[in-house]
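# Return a 3D structure for these sequence lines:
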Amino acid sequence: MILVLDASVAVKWATPALTEPLSNEARRLLARHMTGQIEFVVPDIFWAEFSNVLWKGVNRGRWSYLEARRAIAEILAQGFVTVPSVSLLLQAVDIAFETNQGVYDCLYAALALEAQTDLITADERLANALAARFPVKWLGAF
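So this is what the prediction gives:
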């Protein structure tokens, strides 16, 4: 099974399970990836989004620089297939105008369409906005 992975799910892997909603669900998804049951594909923007959330978390005292750096290194080591955003841009812009969602988020939806698979997101608002017309699943219902 191949899934498009939203950065909102990966961020949950870097946060303490006791304080982060849906972190257990996200960790189960990662475990399935690590056992070869699921392959993740991401747009190249994923890496900047994931790292930026961790950077913000360090600045807000949520975790240390070393914890954030280790989390980034661990995700990089997973070897997710990464697709250039430029190849998804026109379709993402169409989706953005159709749904009134940001182009950043719509890059993930465009990749799901291109890969003919589901986008898995921890962003319930995004899932609600896109799921009726696009292959988007909320982590809490997956």
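# Could you give the number of residues near Gly79?
9 (other CB atoms under 10 Å). C-betas here are computed from N, CA, C, even on glycine.
# Make sure Thr82 is indeed in a strand.
Yes. Counting by DSSP: H, G, I helix; E, B strand; the rest coil, Thr82 is found in a strand.
# thought it was touching Trp47?
Yes. Counting by CB atoms under 8 Å, Thr82 does reach Trp47; the two are 7.3 Å apart.
# So those two - more neighbours on which side?
The neighbour comparison of Thr82 against Trp47 (other CB under 10 Å) goes to Trp47, with 17 against 14.
# show me the contacts for that one.
Residues near Trp47 by CB atoms under 8 Å, 6 or more residues apart in numbering: 76, 82.
# For Leu3, pull up the helix or strand it's in.
strand 2-5 (DSSP states H and E).
# Can you give me the buried ones in that strand?
3-5 (16 or more other CB atoms under 10 Å).
# Next: stretch 24-35.
Those buried within stretch 24-35 under the rule 16+ other CB under 10 Å are 25-26, 29-30, 33.
# pLDDT wise, what is the residue of the chain most remote from its centre at?
Distance from the centre of the chain peaks at Gly61, with 22.7 Å (CA atoms, centre = their mean). Gly61 carries a pLDDT value of 91.
# Phi and psi next, for it.
Backbone torsions of Gly61, given as degrees, to the nearest 10, read phi 80, psi 20.
# got a list of what it touches?
Contacts of Gly61 (CB under 8 Å, 6+ apart): none.
# Which helix or strand lies directly C-terminal to the strand holding Leu3?
helix 7-13.
# so what secondary structure elements neighbour that following helix?
helix 23-34, helix 45-59, helix 65-76, strand 118-121 (3 or more CB pairs under 8 Å, 6 or more residues apart in numbering; DSSP states H and E).
# who's in contact with it?
So helix 7-13 is contacted by 20, 22-23, 25-27, 29-30, 42, 46, 49-50, 53-54, 71, 74-75, 120-123, 126, 139 (CB under 8 Å, 6+ apart).
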